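Visitor: next one to model:
(one chain, ligands or ions: 2)
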Amino acid sequence: MNNMNPKSLIVIFGATGDLAKRKLFPSIYQLYEKGKLSEEFAVVGVARRPLSNDEFRNYVRQSVENALRQELSDLSFVSHFYYHPFDVTDIASYQQLKTLLAQLDETYHTDGNRIFYLAMAPEFFGTITSRLKSEGLTATNGWKRLVIEKPFGHDFRSAQQLNVEIRQSFAEHEIYRIDHYLGKEMVQNIEVIRFSNAIFEPLWNNRFISNIQITSSETLGVEDRGRYYDHSGALRDMVQNHMLQMVALLAMEPPIKLTTDDIRSEKVKVLRALRPISHDEVDQYFVRGQYGRGIVNGKEVISYREENNVDPNSNTETFVAGKLMIDNFRWAGVPFYIRTGKRMTEKSTKIVVQFKDVPMNLYYRTNEKIQPNLLIIHIQPDEGITLHLNGKKSGENMKTTPIELDYCNNCIDGINTPEAYEKLLYDCMRGDATNFTHWDEVAASWQFVDPISEVWESTKAADFPNYEAGSMGPKASDALLEKDGFRWWPIHYHQ
Ligand SMILES: NC(=O)C1=CN([C@@H]2O[C@H](COP(=O)(O)OP(=O)(O)OC[C@H]3O[C@@H](n4cnc5c(N)ncnc54)[C@H](OP(=O)(O)O)[C@@H]3O)[C@@H](O)[C@H]2O)C=CC1
Ligand SMILES: O=C1O[C@H](COP(=O)(O)O)[C@@H](O)[C@H](O)[C@H]1O
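Guide: Residues are numbered from 1 along each chain as shown. Ligands and ions are numbered 1, 2, ... in the order given. Below you'll find the predicted structure:
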């Protein structure tokens, strides 16, 4: 097989859903356009609504055109798409799907390589995987891979149960648990910044870093996902996966080699070293919020409880701030603060590494305070790195002034950063699971968040809604840092 242009047959379960439309089809198109897919590929969409192949191809074309904001003049891309309508709980239909896959294997010479992408609600994951096996769809001459969307379970126990179910049909190395943050350019850059620069590694520990802050704010509300979100909340939707993955990448030890197993095992160690939070300590370490009405991007928006398919008395959190402690030699005593929420001031994901103050202020006569050094990693929408230092104020004696060293990743040579899903799909086709989560990571993450969700589900948040849409969350989130003598650095911080 040519590993740069892998041949494969991709079966997307949930092909008429939001994820397939907004992310998967445009990503497959980009791979095709960039010549990363061989001509020997086909995609089969599965969902219940009755569509012909032509109607489905038209649907795919529209979704690509909407995402790219341009018309597709050449329709050869969509000719690779097929549609097979059925209810995934109906066992008889798997035989028909099997026949279709065998035909397409022959037509497209895909060598029997199959990706089963489960872009559906998690309650179907176990059913689909066991039927794929029992009906012989996984028996193929080529490789088979299963891509599973998040959330992987609802808590540790259900995730464990799900894992047992899917492991009956797929081996761990064939399972690609997708966390799309791991496909983001600047999230992948965290390792490179840390492990390819001699200046950072000696400082990357509790002797020099005072705290690390990760903010992932969104302006969107729950949109049309109220049914899912009201049972999930921000803790399960963002913290258990994306936020903890970023913590793991920031805190892990250098891997022995850059292999999938070596990197994953270092990340797992971090997640296992997270200090467990007991039920009694949840209020001390975590803050929950829910948005009320407000103004976002100049427009009035409704409160969470007024959204479609949301309980009008909902106790679900749309905002989380937390303080995490990592109990190991490198990080003992360094708080990692995280915050994420919907309907906040702006869409932004940033990491701020705050270094400790210099041992004494020699410039106290001319400066009240010397600003701490900060390393800011801009994940999105801007991508880059800023280093905040202090320098001499020109023309003045003994006076310091802040200096920023700025690197903009997506400003250089017009680099067009590929969508996270595009990169991850390509990795999966090439059999590279490095940027997918191993079961051990998923398990450790659930074990950390479970006590928090248990407390939040069993106690009504009397102050909900407690932040205005368009703000940076409830006041208690600021207080969480203030009691440690810190503050959230603003999203657009310039000294
Ligand atoms: N949307 C997003 O931005 C993100 C989504 N995810 C995850 O991706 C997965 C899919 O999400 P999303 O696309 O938003 O969900 P949607 O509800 O939009 O889509 C669900 C899909 O499943 C199909 N479906 C539902 N029931 C059946 C059934 N019994 N048999 C066959 N097909 C069925 C629906 O089609 P039909 O009605 O025609 O049967 C539809 O195609 C979820 O796990 C979600 O958590 C993860 C990250 C982001
Ligand atoms: O997984 C999810 O992520 C998105 C945020 O992703 P981003 O790439 O736009 O930052 C979030 O909106 C969604 O609720 C969640 O399921």
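Visitor: neighbours of residue 5, how many?
Guide: Applying other CB atoms under 10 Å, we find 16 residues neighbouring residue 5. C-beta coordinates here come from the backbone N, C-alpha and C atoms, glycine included.
Visitor: buried residues in stretch 276-285?
Guide: 277, 282, 285 (16 or more other CB atoms under 10 Å).
Visitor: stretch 83-100 too?
Guide: Buried residues in stretch 83-100 (16+ other CB under 10 Å): 83-85, 88, 93-94, 97, 100.
Visitor: can you put the buried residues of stretch 276-285 in JSON lines and add pLDDT, distance to residue 14 and secondary structure?
Guide: Formatted as JSON lines, the buried residues of stretch 276-285 follow (pLDDT from 0 to 100; distance: CB to CB, whole Å; DSSP: H, G, I helix; E, B strand; the rest coil):
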{"residue": "277", "pLDDT": "98", "distance to residue 14": "34", "secondary structure": "coil"}
{"residue": "282", "pLDDT": "98", "distance to residue 14": "34", "secondary structure": "helix"}
{"residue": "285", "pLDDT": "98", "distance to residue 14": "36", "secondary structure": "helix"}
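Visitor: on that earlier part again, want to throw the buried residues of stretch 83-100 into TSV with pLDDT and secondary structure?
Guide: Converted to TSV, the buried residues of stretch 83-100 look like this (pLDDT from 0 to 100; DSSP: H, G, I helix; E, B strand; the rest coil):
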residue	pLDDT	secondary structure
83	98	strand
84	97	strand
85	96	strand
88	96	coil
93	93	helix
94	96	helix
97	96	helix
100	97	helix
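Visitor: could you dump those to CSV with distance to ligand 1?
Guide: Output for the buried residues of stretch 83-100, formatted as CSV (distance: CB to the nearest ligand atom, whole Å):
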residue, distance to ligand 1
83, 10
84, 10
85, 8
88, 4
93, 9
94, 12
97, 11
100, 15
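Visitor: near ligand 2 too, which of the buried residues of stretch 276-285?
Guide: Of the residues in the buried residues of stretch 276-285, proximity to ligand 2 by CB under 6 Å from any ligand atom holds for none.
Visitor: how about low-confidence regions in the stretch 301-450 of the chain?
Guide: 412-418 (pLDDT under 70).
Visitor: contacts only, for residue 439.
Guide: 163, 172, 175, 177 (CB atoms under 8 Å, 6 or more residues apart in numbering).
Visitor: for this protein, give the residue positioned nearest to ligand 2.
Guide: Closest residue of the chain to ligand 2, CB to the nearest ligand atom: residue 237 (4.7 Å).
Visitor: let me see the confidence value for the closest residue to that residue other than its chain neighbours.
Guide: Leaving out its chain neighbours, the residue that sits closest to residue 237 by CB to CB, 6 or more residues apart in numbering is residue 229, at 6.5 Å. pLDDT, residue 229: 96.
Visitor: tell me which element residue 229 is part of?
Guide: Secondary-structure assignment from DSSP states H and E places residue 229 in helix 226-234.
Visitor: other SSEs contacting that helix?
Guide: On a contact count with 3 or more CB pairs under 8 Å, 6 or more residues apart in numbering; DSSP states H and E, helix 226-234 meets no helix or strand.
Visitor: run through who's touching that helix.
Guide: By CB under 8 Å, 6+ apart, the list of residues contacting helix 226-234 reads 121, 151, 154, 222, 237, 288, 307-311, 314, 316-320, 340-342, 453, 456.
Visitor: mind checking how far it is from the chain centre?
Guide: Averaged C-alpha coordinates place helix 226-234 at 16 Å from its chain's average position (CA atoms, centre = their mean, to the nearest Å).
Visitor: and that helix, what's buried?
Guide: 226, 229-230, 232-234.
Visitor: what mean pLDDT does the following helix or strand past that helix get?
Guide: Next helix or strand after helix 226-234 toward the C-terminus (DSSP H and E): helix 244-251. Mean per-residue pLDDT for helix 244-251: 98.
Visitor: residue 272 contacts residue 443, doesn't it?
Guide: No. With contact defined as CB atoms under 8 Å, residue 272 does not reach residue 443; the gap is 9.4 Å.
Visitor: looking at the two, which is more packed in?
Guide: residue 443 (20 against 16).
Visitor: which SS class is that one?
Guide: Using DSSP: H, G, I helix; E, B strand; the rest coil, the structure places residue 443 in helix.
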